[in-house]
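**Student:** Provided below for reference: sequence and predicted model.
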Amino acid sequence: MTRKFAFYRGSFFFLALGGAVLAISAAAQTPRGDFHASVRRAAELSTLTQPGAQPFHLKLTTQDTTMRDPVYSAEMEFWWVAPDQWRRTVRSTAFAQIAIQNGGRYYESNSATDYLPYWLDELLRSAVDPIPVDALSNVAADEDKPGCGNWEVVHGSNAEKFVSYASMCFNPDGTAREIFAEPIGLQFDAYQQFGDKRIARQLKVWPGDRSEVTATVTVLEPLKKDEHSESDAADSGLFAVPNDIGLASRVRFVSVDESVLAPADSPARSALTWPSSYTFPLDGVIAIRIRLDRAGNIRELPSAISKNQRINGGAVAQIKDWKFKPYLVDGAPVEVVTTLHVPFHMKYEPLGANGREFPPISFGEHIRQYRALSDLRVEGSKPFHLRASFVLSGEQAGKYDETWRSASDWTRQVELGSIVLRETRVGGNTTTSFNGGAGVRPKMQAIIVASQDLLPEQRTFQEADWGNSAVPESNVYPSSGGNSGESVLIRAARGAVDANNHPTSGQAYWFDSDGLLRASFAGGASVVNSKFAPWDLKQVPRRIELFISTTPVATITVDSIDGL
């Protein structure tokens, strides 16, 4: 089974960036025509820097609207006449710059830090050229959500394979509303007309921490004729280049595959170490997005994903000081966006194991074992008629009767004196009849649920969300204590526990060494299975106890199971 990730905002998607040019690193696919027409339309509507476009003057200010971190405060200003004639200034605590291009001449003056943070670069590009048309040209987007194109990219291979999702959504007028395709994470708001263009006056980006950076356009106006006179072609005026350093030497991001980056000669990298894990999988690959400065140092680690998300932070901590040789483009060092694929291998140690060895069986594998060992209702099982009796905590007795032919053809009935609750499913449609009062129905419904051994469908859960614990057998009973001589079960769970280590929220499932489901917890109710006995090559619990919180509610006894 492959794991799927859906990421939003500071999301992870394997999308390569090179200055103002992006390229999808996923395998090329046949594109969907409607989506790509929408991408081109959005670009035509909102790109300020197309050849022949109206010269403009633009100012933006940025601020962190969530964490109020002053490092994300900046002022940016553009004067643009043509793709090869423009001026830009950036003022922020993180980075400051004056950049000018005039024909084939280029000048740039940067702050002492000499590192252009990616969030700032993203806003500088997107304010004037927001749509990465070339980057999206090979995307096979599904349009299953109105106004959006969605696509996935594969990470790893074989058992290590997992996918992440990306999307681009559009407004009714054809402008872009959002692009979430790592390393791009952009939201566009407050569109206004500028000449024949529709320009977003507010942009949002997510640097990779908890901050949300909002850029607001404070000025967007036509550039006056006297501000881009012919004198700018010489050595005076707004676009005068005081010192031509060459366009190749400019600060910019490029995207490369990790295979072309060479580790620095020193310091030597130590082998990565991994802790014991109580979540699965134990082996796989972590994809870590990194951003390098021009000296080859890792400056940003905005995202890491894997099938076992609990270890991502440990991987980031171990590689954060790695250093690479400077990467050169046209003979000059550049900033780099890339993804490192770091393999991991861990030992399985459930919480509470205290040094004891347990077979490394994941929750998904426990479910598969349970289906084979005990599930009477799994697809392809033999039809049956089950009769049971139950006693409620108030000593009131009743009967449970189930006839099962298939997952889409069954009848379940609970009788409590003259009150009958009956559920019937035929052809995929379920009908219910009930002749009692509202007060008793929840208890009768609970009898039906407790009799089913419901486990999550494997397609609906992520393995790493479920922690595994070694617990005494008495842990399945909310109100009982343990003793040192009892059997130990493996509990797969997510949610909180109380002082006695019993779940109080989420879900939990207890399995013994034979793979039998001994108990389950969900919605505040615990179901305990015991007295397993064979029927049609299955081991079926003949005693089922139901608890709400720590209070016993009902005991169900399976009296007979007959084939149909």
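**Tutor:** Nice, I can see it. Residues are numbered from 1 along each chain as shown.
**Student:** any weak-confidence spans in this protein?
**Tutor:** Applying pLDDT under 70 to the chain flags the ranges 1-33, 144, 226-236, 266-268, 458-459, 477-486.
**Student:** longest strand anywhere in it?
**Tutor:** The longest strand of the chain (DSSP state E) is strand 551-563.
**Student:** so which elements touch that one?
**Tutor:** strand 384-392, helix 441-450, strand 538-548 (3 or more CB pairs under 8 Å, 6 or more residues apart in numbering; DSSP states H and E). In this view, the C-beta of every residue, glycine as well, is placed from N, C-alpha and C.
**Student:** let's go with 6 Å and repeat that
**Tutor:** Here strand 551-563 touches strand 384-392, strand 538-548, going by 3 or more CB pairs under 6 Å, 6 or more residues apart in numbering; DSSP states H and E.
**Student:** mind checking how far the first one is from the chain centre?
**Tutor:** Taking the mean C-alpha point of strand 384-392 and that of its whole chain, the gap between them comes to 43 Å (CA atoms, centre = their mean, to the nearest Å).
**Student:** please apply the same query to the last one.
**Tutor:** Centroid separation for strand 538-548 versus its chain: 36 Å, with CA atoms, centre = their mean.
**Student:** give the buried residues for it.
**Tutor:** Lys538, Gln539, Val540, Pro541, Arg542, Ile544, Glu545, Leu546, Phe547, Ile548 (16 or more other CB atoms under 10 Å).
**Student:** next one: stretch 547-561
**Tutor:** Phe547, Ile548, Pro552, Val553, Ala554, Thr555, Ile556, Val558, Ile561.
**Student:** residues contacting the closest residue to the fourth one other than its chain neighbours?
**Tutor:** Computed as CB to CB, 6 or more residues apart in numbering, the closest residue to Val553 that is not its neighbour in sequence is Leu546, at 4.6 Å. By CB atoms under 6 Å, 6 or more residues apart in numbering, the residues touching Leu546 are Ala450, Val527, Val553, Ala554.
**Student:** try Arg494
**Tutor:** With contact taken as CB under 6 Å, 6+ apart, Arg494 is in contact with Asp465, Trp466, Gly506.
**Student:** same thing but 10 Å
**Tutor:** 279, 363, 461-462, 464-467, 503, 505-508 (CB atoms under 10 Å, 6 or more residues apart in numbering).
**Student:** again with Asp142
**Tutor:** With the criterion set at CB under 10 Å, 6+ apart, Asp142 makes contact with Arg32, Phe35, Cys148, Gly149, Asn150, Trp151, Glu152, Ser167.
**Student:** sec struct for the last one, please.
**Tutor:** Pointing back at Ser167 there. With DSSP: H, G, I helix; E, B strand; the rest coil as the basis, Ser167 sits in strand.
**Student:** and the strands in the stretch 251-400 of the chain, which stretches?
**Tutor:** Along the stretch 251-400 of the chain, counting by DSSP state E, counting those that start in this stretch, strands occupy 253-255, 283-292, 298-305, 328-329, 332-333, 335-345, 384-392, 397-406.
**Student:** again, but for the stretch 451-564 of the chain
**Tutor:** Here the stretch 451-564 of the chain has its strands, by DSSP E, counting those that start in this stretch, at 467-472, 488-494, 507-511, 517-522, 525-535, 538-548, 551-563.
**Student:** closest one to Gln413 among those?
**Tutor:** strand 551-563 (13.7 Å; CB to CB).
**Student:** ok and the closest one relative to strand 538-548, angle-wise?
**Tutor:** Angle of strand 551-563 versus strand 538-548, following axes from the mean of the first three to the mean of the last three CA atoms, to 10 degrees, is 160 degrees.
**Student:** hey, C-alpha coordinates of the longest strand of the chain in CSV?
**Tutor:** Backbone C-alpha positions of strand 551-563 (Å, rounded to 0.1, in the frame of the first residue of the first chain) are rendered in CSV as follows:
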residue,chain,number,x,y,z
THR,A,551,-18.7,1.4,33.2
PRO,A,552,-19.8,-2.2,32.2
VAL,A,553,-22.8,-1.9,29.9
ALA,A,554,-23.5,-5.3,28.4
THR,A,555,-22.1,-8.9,28.1
ILE,A,556,-22.9,-10.7,24.9
THR,A,557,-22.7,-14.5,24.6
VAL,A,558,-22.6,-16.1,21.1
ASP,A,559,-24.8,-19.2,21.5
SER,A,560,-24.5,-20.6,18.0
ILE,A,561,-23.1,-20.0,14.5
ASP,A,562,-24.5,-22.0,11.6
GLY,A,563,-23.7,-22.0,7.9
